[in-house]
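*Asks:* With the sequence up front, the predicted model follows.
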Amino acid sequence: MRISQTQLTELVDIATSSLPNESCALLAGEVKDMKIWKDIRIVEIIAARNADQSIVSFSVDEMELIELYERAEARGLQIVGIFHSHPSKPAPSSADVEFMRINPIVWLIYSSVTHEFRAYILENELEDVEMEST
Ligand SMILES: [Zn+2]
């Protein structure tokens, strides 16, 4: 997955401004084949509101989600990933893994503790998605 340094900075800002709570955003991009993660290029970060306002979980209101998907579609983009931040390790929680089963797209997690980004996808099992920062 290709993501620019500017976009990563944007995500760090979203995470930092939401502290102590988890933050979330959608990653809109261009994709030819959803199975080839390497070819995915993130074009736009779409900030979303964490409806949970929680330090251990996140969710996006359904109406907001529909609106954000429509916004991406109107620009000819697809939602290719879900971003959220953790005030702990950048590893998916058991709740995250459950949601990953329903949303088999890239899950990008940022740790506001270790300041690392890690990307995952759950196909049959949890796999790391390599990130190429441009
Ligand atoms: Zn999580």
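*Replies:* That came through, no problem.

*Asks:* Okay, now the sheet partners of the lowest-mean-pLDDT helix or strand in the chain, with direction.
*Replies:* Least confident helix or strand, the chain: strand 132-133 with a mean of 90, by mean pLDDT, DSSP states H and E. Note on strand 132-133: by DSSP bridges, its sheet partners are strand 2-3 (parallel).

*Asks:* The partner strand - what's its average pLDDT?
*Replies:* Per-residue pLDDT values over strand 2-3 give a mean of 94.

*Asks:* Residues contacting that strand, please?
*Replies:* The contact list for strand 2-3 (C-beta atoms under 8 Å, 6 or more residues apart in numbering) reads 27, 40, 41, 42, 108, 131, 132, 133, 134. Quick note: C-beta positions are derived from backbone N, CA and C, even for glycine.

*Asks:* just the strands in the protein please.
*Replies:* 2-3, 24-30, 41-48, 78-86, 106-111, 117-122, 126-128, 132-133 (DSSP state E).

*Asks:* Could you tell me the angle between the fifth one and strand 41-48?
*Replies:* It refers to strand 106-111. 60 degrees (axes from the mean of the first three to the mean of the last three C-alpha atoms, to 10 degrees).

*Asks:* ok now strand 106-111, how far from the chain's centre?
*Replies:* Offset of strand 106-111 from its chain centre (C-alpha atoms, centre = their mean, to the nearest Å): 5 Å.

*Asks:* Contact residues of this protein facing the ion?
*Replies:* Contacts of the chain with the ion, taken as C-beta under 5 Å from the ion, map to 93, 96.

*Asks:* Can you name the residue of the chain nearest to the ion?
*Replies:* The ion sits closest to residue 96 of the chain, with a gap of 4.1 Å, by C-beta to the ion.

*Asks:* How many residues are close by that residue?
*Replies:* For residue 96, the neighbour count with other C-beta atoms under 10 Å is 20.

*Asks:* How about it, nearest residue that isn't a chain neighbour?
*Replies:* residue 107 (6.8 Å; C-beta to C-beta, 6 or more residues apart in numbering).
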